[in-house]
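*Asks:* missing the sequence, but the structure's below:
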């Protein structure tokens, strides 16, 4: 069946039959220009315009092979014929034309090209990546696959015939000529870049990694194929990793500040005993010795019984004498480092040490004080208890003077006991 139409002298449509709407999927409106995209393929418009202008100047029919977009978004080859209508003065007043599909019996080379184009489109649609084919000079898009439509949120009809740089923002669109130029001249075989395609559904731009390379299709000029991979997930993962790294750096800085502020000496040792980290308190613990290994630390301590904690084990705390000063005591403990709960040790060990000499001295003073206090408390308590027992006897034969003396002893020892208690309360209030 023929697609029939009629235009005025300027090739604006006056009428089109029902076959036009059946094939293209939309009714031709009066005044629409012909040729135009859609339904004509953008790559065919320029040549058809030139041929039509030449035919109008000579008042001759137009005969051309063109591609028309169907209602499925794909293009098919048609044989376009147009005959001019003239007035009495020989001026062209309009055109009457038809478009007939090129079938197997009449197609020849054109039909072979059409078949290859169909097969090429099927191959493109089977590829997951978004593929866009465009003219390097005009950037007009000639073909897209299903992946490109899904990525951009647009239909094939919306994309074909538009400029490739219209899919990008102004900044990235300005980069396109610099990317495509070396591909056309042969300076580069391919170019890879990151672009943010503007979606047609007003969603956020689709960040994609685009590989552009020139391709020479049979029977046509050179084209640029843009193969895009959606890298939004990868970029999101990179952003998350970056944030995680920043958080880890912040945590590491906080941990480092805490370790440096600790009064205890903190030393981190590798599996072989080499010291990898020491806080300021650790450097001050043995200022005259340059410790490089855990063994160097143990050499500063007296360990006749071999009770020193070993690396890689949870051990301690244990108090040990310093070799250089027998009156100095060092408390040491080891904590193996693991990657997480339930994970095996990583090989590193945290050694925590502190000088407990002063603490032991205070403990000794406290024990001495408690011993003296116990003795001092025992004397008045014994006197008070014994006197009370004597006075409480019902068969007591003590005279009045003796009883008065016992009362006096109880009173004196009670006052003494009160003073001792007040002294203990005062000592506890003022601390060690």
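*Replies:* It's in. What you are looking at is a predicted structure, and each value in this text was computed from that prediction instead of being measured.

*Asks:* list the contacts for the closest residue to residue 326 other than its chain neighbours?
*Replies:* Once flanking residues are discounted, residue 326 sits nearest to residue 302: 7.6 Å by CB to CB, 6 or more residues apart in numbering. Bear in mind the C-beta positions are built from the backbone N, C-alpha and C, glycine included. Residue 302 makes contact with 320, 321, 322, 323, 326, according to CB atoms under 8 Å, 6 or more residues apart in numbering.

*Asks:* ok, and what's touching the helix or strand hosting the first one?
*Replies:* When you say that, I think you mean residue 320. Here residue 320, judged by DSSP states H and E, is contained in strand 315-322. For strand 315-322, contacts defined as CB under 8 Å, 6+ apart pick out 300-303, 307-309, 328-334, 352, 356, 360.

*Asks:* picking that back up, could you check how far the residue nearest to residue 326 is from residue 287?
*Replies:* 19 Å (CB to CB, to the nearest Å).

*Asks:* about what we covered before: inside strands: which ones of the contacts of strand 315-322?
*Replies:* Filtering the contacts of strand 315-322 for membership in strands, criterion DSSP state E, returns 301, 302, 329, 330, 331, 332, 333, 334, 352.

*Asks:* of those, buried ones?
*Replies:* 301, 329, 330, 331, 332, 333, 334, 352 (16 or more other CB atoms under 10 Å).

*Asks:* How much space separates the fourth one from residue 318?
*Replies:* So that's residue 331. 7 Å.

*Asks:* what packs against the strand or helix carrying residue 20?
*Replies:* In this assignment (DSSP H and E), residue 20 forms part of helix 18-24. Other helices and strands packing on helix 18-24, by 3 or more CB pairs under 8 Å, 6 or more residues apart in numbering; DSSP states H and E, are strand 3-8, strand 62-69.

*Asks:* following the last one, which helix or strand comes up?
*Replies:* Following strand 62-69 in sequence order, the next helix or strand is strand 75-86 (DSSP H and E).

*Asks:* before we move on, what about the first one?
*Replies:* Later in the chain than strand 3-8, the nearest helix or strand by DSSP H and E is strand 13-16.

*Asks:* rewinding a little: would you mind giving the ones in strands among the contacts of strand 315-322 as TSV with pLDDT added?
*Replies:* Listed next are these as TSV, based on pLDDT from 0 to 100:
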residue	pLDDT
301	91
302	91
329	92
330	92
331	93
332	93
333	93
334	93
352	93
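
*Asks:* Now render these as a markdown table, adding distance to residue 238.
*Replies:* Formatted as a markdown table, the ones in strands among the contacts of strand 315-322 follow (distance: CB to CB, whole Å):
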| residue | distance to residue 238 |
| --- | --- |
| 301 | 49 |
| 302 | 55 |
| 329 | 53 |
| 330 | 48 |
| 331 | 46 |
| 332 | 44 |
| 333 | 41 |
| 334 | 39 |
| 352 | 38 |
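
*Asks:* Out of those residues, the closest to residue 277 would be?
*Replies:* residue 352 (12.4 Å; CB to CB).

*Asks:* what residue ranges in the stretch 1-150 of the chain are flagged as low confidence?
*Replies:* 1, 37-38, 103-121, 123 (pLDDT under 70).

*Asks:* now do 80
*Replies:* For the stretch 1-150 of the chain, the stretches flagged by pLDDT under 80 are 1-2, 28, 35-39, 86-90, 102-128.

*Asks:* now swap in the stretch 201-350 of the chain and tell me
*Replies:* In the stretch 201-350 of the chain (pLDDT under 80), the answer is 201-207, 216-222, 229-239, 338-346.

*Asks:* how about the strands in it?
*Replies:* For the stretch 201-350 of the chain, the strands defined by DSSP state E, counting those that start in this stretch cover 206-216, 222-230, 265-269, 275-278, 301-302, 315-322, 329-338, 345-355.

*Asks:* Can you say which of the ones you listed is nearest to residue 56?
*Replies:* Of those, nearest to residue 56 by CB to CB is strand 222-230, at 30.7 Å.

*Asks:* Quick one: distance of that closest one to the chain centre.
*Replies:* 27 Å (CA atoms, centre = their mean, to the nearest Å).

*Asks:* Tell me which other helices or strands it touches.
*Replies:* The contact analysis (3+ CB pairs under 8 Å, 6+ apart) places strand 222-230 against strand 130-134, helix 146-152, helix 176-185, strand 206-216.

*Asks:* partners of the longest one in the sheet?
*Replies:* In this case it means strand 206-216. Strand 206-216 has the following strand partners under DSSP bridges: strand 191-197 (antiparallel), strand 222-230 (antiparallel).

*Asks:* still on that earlier bit, for the strands of the stretch 201-350 of the chain, which one ends up most surrounded?
*Replies:* strand 265-269 (a mean of 22; mean count of other CB atoms under 10 Å).

*Asks:* Touching the helix holding residue 20 from outside, list them.
*Replies:* Identification of contacts with helix 18-24 by CB under 8 Å, 6+ apart yields 1-5, 27-28, 38-39, 68-71.

*Asks:* Isn't residue 409 up against residue 387?
*Replies:* Yes - here residue 409 reaches residue 387: they are 5.6 Å apart, a contact under CB atoms under 8 Å.

*Asks:* doesn't residue 85 make contact with residue 7?
*Replies:* No - in this structure, residue 7 is not within contact of residue 85 by CB under 8 Å, at 9.7 Å.
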